[in-house]
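**Q** quick one, what's the 3D model for this:
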Amino acid sequence: MKVDKKTVDQIAHLARLEFGDEGTEKMVTDMNRMVEFVNKLNELDTENVEPLIYMTDETNVLRADEVKNEVSQKEALKNAPKKDS
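**A** Next up, the predicted model:
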């Protein structure tokens, strides 16, 4: 697949973007480089590679949430310019 000015113009229209001539040419170049990169990735043999779901084997390294009421409502609102009674 080769990306041309017409393709970029169509994508820009759908995305509600506007490019000048210089911007359109840069987008054509950049998008063609992206397509080439994806084509290279498609050439790789991944037959015996297990799919990657997570980057690490770690599971839930975050602590459990604990509800704490350290600041009273009165304290939290004492510097507010307006507040309900």
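**Q** quote the end-to-end distance of stretch 60-79.
**A** Using CA to CA, to the nearest Å, the end-to-end distance of stretch 60-79 comes to 38 Å.
**Q** now it: buried residues?
**A** Under the neighbour-count criterion of 16 or more other CB atoms under 10 Å, stretch 60-79 has nothing buried. For every residue, glycine as well, the C-beta is placed using N, CA and C.
**Q** what's that stretch in contact with?
**A** Contacts to stretch 60-79, defined as CB atoms under 8 Å, 6 or more residues apart in numbering, come from residues K83.
**Q** that one: how far from the chain's middle?
**A** 30 Å (CA atoms, centre = their mean, to the nearest Å).
**Q** in the helix of greatest length in the chain, what counts as buried?
**A** Longest helix of the chain, by residue count under DSSP state H: helix 21-43. By 16+ other CB under 10 Å, the buried positions in helix 21-43 come out as M27, V28, M31, N32.
**Q** cool, stretch 8-25 as well?
**A** V8.
**Q** ok now it, how far from the chain's centre?
**A** 20 Å.
**Q** neighbouring contacts of it?
**A** Residues contacting stretch 8-25 (CB under 8 Å, 6+ apart): K5, M27, V28, M31.
**Q** kindly recompute the last result at 10 Å.
**A** Residues outside stretch 8-25 that contact it (CB atoms under 10 Å, 6 or more residues apart in numbering) are V3, D4, K5, K26, M27, V28, T29, D30, M31, N32.
**Q** picking up where we left off before, just the buried residues of helix 21-43 now: which is nearest A80?
**A** M27 (48.0 Å; CB to CB).
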